[in-house]
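1. 3D, please:
(one chain, ligands or ions: 1)
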Amino acid sequence: MPGTKTRAVNEAQLHELPEGLGGAHIPPTPLQEFADALSQLVTQKFHELTGGLASIHSRHKALAGIIMSRGLDARQAQVVALSSGTKCISGEYLSDQGLVVNDGHAEVLARRALLLFLYAQLELYLSTRHEDWERSVFVQLKEGGFRLRDNVLLHLYVSTSPCGDARLHSPHELSTQLSASKHVVRRFRGHLRTKIESGEGTVPVRGPSAMQTWDGVLLGEQLVTMSCTDKIARWNVLGLQGALLGYFTEPVYLHSIVVGSLRHPGHLARVLSRRPASLGPLPAAYRHNRPLLSGVSLAEPRPPGKAPHFSVNWVAGTPDVEVLDATTGRRSCGAPSRLCKHMLASHWAHLYGKLSTRTPGAEDVPATYCEAKLGARGYQAAKQQLLAALQAAGLGTWVQKPPEQDQFPLRP
Ligand SMILES: [Zn+2]
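-> Residues are numbered from 1 along each chain as shown. Predicted structure coming up:
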């Protein structure tokens, strides 16, 4: 059911939005008020968890949170994943055992933290007690697998425009840093962009090669990572759940995105949810999601000072934040993060074979992380379709990390 209509943010359309929990009618909340409430929820939770403004770990240049609500009612909204950060791993720290986090940008970590929350919600179905199933945000489907309950909505809050094309064309940076090169900006408008290793900016993807090589990176070739703008655009087609959770659940999409500052709504909508313009029919349950987009009434001031080298993450159900050194992709003590591939894979392996899946007939138990990812057939088909459509639209080739990093064995 591909979403072909654009959902512009205006008062009239708010009345089409979902009703509250249990069928009770909740009057439509004006979107701005709702967006402001989400922004406050995330900011307050972050300060509560990091010990207030005076604490070192509350320093950040970008803050992101994923909020879950029941309908569009801020009184029934809770932050489920939270993170800060603006840096990526240095190529020399890549791991072939899935023990590092490559991308320490806030919105990317917030999605990974959300995965932990979703695994915990699926784990409730391992219980034999019906009451535990009722507590889950998922509902089990007759045809196999799960989906989010009808009125459960997910929202992404980011304190600043995502890096990449969304930020490049934001009013602030156009008027200051890029005025001399506006023609270059126009030429690459909407183009896929990559973050540069140890740097803050992004550059358009170059060349037809979609794959980086392990030995090349170890020999000092720059490790590149797709920009947050492009990753969010991808979530709007493939969902937030990724390949592994795609075994169990239908794609999980964002209902809205709230950006705290540097907002340019028309451009944000174009780059986050309308590229490529046409995708063709997607596998069952996948769609081209067009989330509502909103700013906040009072734009967030940009925090002064240099960007810290750490990233902070938190997920609902855990008491404390985890602090990562974004350059090494590990905790400062050297231990792997709860958000690394290895840890997420172990949650997956814990459920595989025990819960009903959307991929009947997958009898061969995957031996490696890579095999498990490739086995999520609907997800992989949608991904190939998206990447091919981006390329066909002249927007560039999605660059992948060296494949060696996904070849580690799975241990239940
Ligand atoms: Zn970013």
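2. Which residues of the stretch 51-200 of the chain lie near the ion?
-> Residues of the stretch 51-200 of the chain lying close to the ion (Cβ under 5 Å from the ion) are 105, 163. Every residue, glycine included, has its C-beta placed from N, CA and C.
3. where exactly do the helices run in the stretch 51-200 of the chain?
-> Secondary structure of the stretch 51-200 of the chain (DSSP state H, counting those that start in this stretch): helices at 106-123, 130-135, 165-168, 171-176, 182-187.
4. Identify, out of the ones you listed, the most deeply packed stretch.
-> helix 165-168 (a mean of 27; mean count of other Cβ atoms under 10 Å).
5. Averaged pLDDT, that helix. What do you get?
-> Across helix 165-168, the average pLDDT comes to 84.
6. Can you name every helix or strand that it contacts?
-> If you count contacts as 3 or more Cβ pairs under 8 Å, 6 or more residues apart in numbering; DSSP states H and E, helix 165-168 packs onto helix 228-238, helix 265-273.
7. Throw these into CSV and include mean neighbour count and distance to the ion, thanks.
-> Output for the helices and strands packed on helix 165-168, formatted as CSV (neighbours: other Cβ atoms under 10 Å; distance: least, Cβ to the ion, whole Å):
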stretch, mean neighbour count, distance to the ion
helix 228-238, 25, 3
helix 265-273, 20, 13
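8. Pipe these into a markdown table and attach distance to Q400 and mean pLDDT per row.
-> Converted to a markdown table, the helices and strands packed on helix 165-168 look like this (distance: least, Cβ to Cβ, whole Å; pLDDT from 0 to 100):
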| stretch | distance to Q400 | mean pLDDT |
| --- | --- | --- |
| helix 228-238 | 12 | 97 |
| helix 265-273 | 21 | 85 |
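9. Looking at the ones you listed, which is nearest to K354?
-> With respect to K354, and counting by Cβ to Cβ, the nearest of these is helix 228-238 at 24.7 Å.
10. and L292, backbone torsions?
-> phi -70, psi 140 (degrees, to the nearest 10).
11. if I look at the nearest residue to it once chain neighbours are set aside, how far off is L154?
-> Excluding the flanking residues, the one nearest L292 by Cβ to Cβ, 6 or more residues apart in numbering is S256, at 4.0 Å. Here S256 is placed at a distance of 9 Å from L154 (Cβ to Cβ, to the nearest Å).
12. contacting residues around the closest residue to H105 other than its chain neighbours?
-> Leaving out its chain neighbours, the residue that sits closest to H105 by Cβ to Cβ, 6+ apart is C228, at 5.3 Å. Neighbouring residues of C228 by Cβ atoms under 8 Å, 6 or more residues apart in numbering: 105, 107-108, 158, 162-164, 166.
13. now R135, nearest residue through space, not along the chain?
-> Excluding the flanking residues, the one nearest R135 by Cβ to Cβ, 6+ apart is L124, at 5.8 Å.
14. what's the least confident stretch among the helices of the stretch 51-200 of the chain?
-> Among these, helix 171-176 carries the lowest mean pLDDT (a mean of 48).
15. which stretches of the stretch 151-300 of the chain have low pLDDT?
-> Scanning the stretch 151-300 of the chain for pLDDT under 70 picks out 169-188, 207-208, 262-263.
16. just the strands in it please.
-> 152-158, 193-196, 202-204, 224-226, 254-259, 292-294 (DSSP state E, counting those that start in this stretch).
17. Quick check: beta-bridge partners of E322?
-> N313 (DSSP bridges).
18. And for the closest residue to G51 other than its chain neighbours, the neighbour number?
-> In space, and not counting its chain neighbours, G51 is closest to S58: 6.7 Å by Cβ to Cβ, 6+ apart. Using other Cβ atoms under 10 Å, S58 is surrounded by 18 other residues.
19. I'd say S58 and K45 touch.
-> No. With contact defined as Cβ atoms under 8 Å, S58 does not count as touching K45 (11.6 Å).
20. what does stretch 109-116 contact?
-> 64-66, 80-83, 85, 101, 103, 154, 156, 231, 235, 240-242, 245, 311, 313-315, 324, 338-339, 344, 347.
21. still on that earlier bit, what's the pLDDT at the residue nearest to R135?
-> Reported pLDDT for L124: 97.
22. Was I right to think it contacts V139?
-> No. Using Cβ under 8 Å, L124 is not in contact with V139, being 11.4 Å away.
23. OK, contacts around G164?
-> With Cβ under 8 Å, 6+ apart, G164 has these contacts: 193, 195, 202, 226-230, 271.
24. Taking the residues you listed, tell me the two that lie furthest apart.
-> Taking Cβ to Cβ, no two of those sit farther apart than K195 and V271, at 15.5 Å.
25. For the buried ones among the contacts of stretch 109-116, write the corresponding ChimeraX selection.
-> Buried residues within those, by 16 or more other Cβ atoms under 10 Å, are selected in ChimeraX with:
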select :64,65,66,80,81,82,83,85,101,103,154,156,231,235,240,241,242,245,311,313,314,315,324,338,339,344,347
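26. thinking again about what came up before, which one of the helices of the stretch 51-200 of the chain lies closest to G216?
-> helix 106-123 (22.9 Å).
27. and the angle for that closest one with helix 228-238?
-> Relative orientation of helix 106-123 and helix 228-238, computed by axes from the mean of the first three to the mean of the last three Cα atoms, to 10 degrees: 30 degrees.
28. And whichever strand or helix holds Q32, what does it pack against?
-> Assigned by DSSP states H and E, Q32 belongs to helix 31-50. Where contact means 3+ Cβ pairs under 8 Å, 6+ apart, helix 31-50 is packed against strand 63-70, strand 77-84, strand 152-158, strand 254-259, strand 292-294, strand 310-315.
29. Who are the packing partners of the second one?
-> Put plainly, it is strand 77-84. helix 31-50, strand 63-70, helix 106-123, strand 310-315.
30. so can I have TSV of those showing distance to D215?
-> Converted to TSV, the helices and strands packed on strand 77-84 look like this (distance: least, Cβ to Cβ, whole Å):
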stretch	distance to D215
helix 31-50	39
strand 63-70	33
helix 106-123	26
strand 310-315	28
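31. wait, which of these is closest to A388?
-> helix 106-123 (23.2 Å).
32. Quick check: L387 is in a helix.
-> Yes. Going by DSSP: H, G, I helix; E, B strand; the rest coil, the assignment for L387 places it inside a helix.
33. my read: it touches W398, true?
-> Yes. Using Cβ under 8 Å, L387 is in contact with W398, at 4.8 Å.
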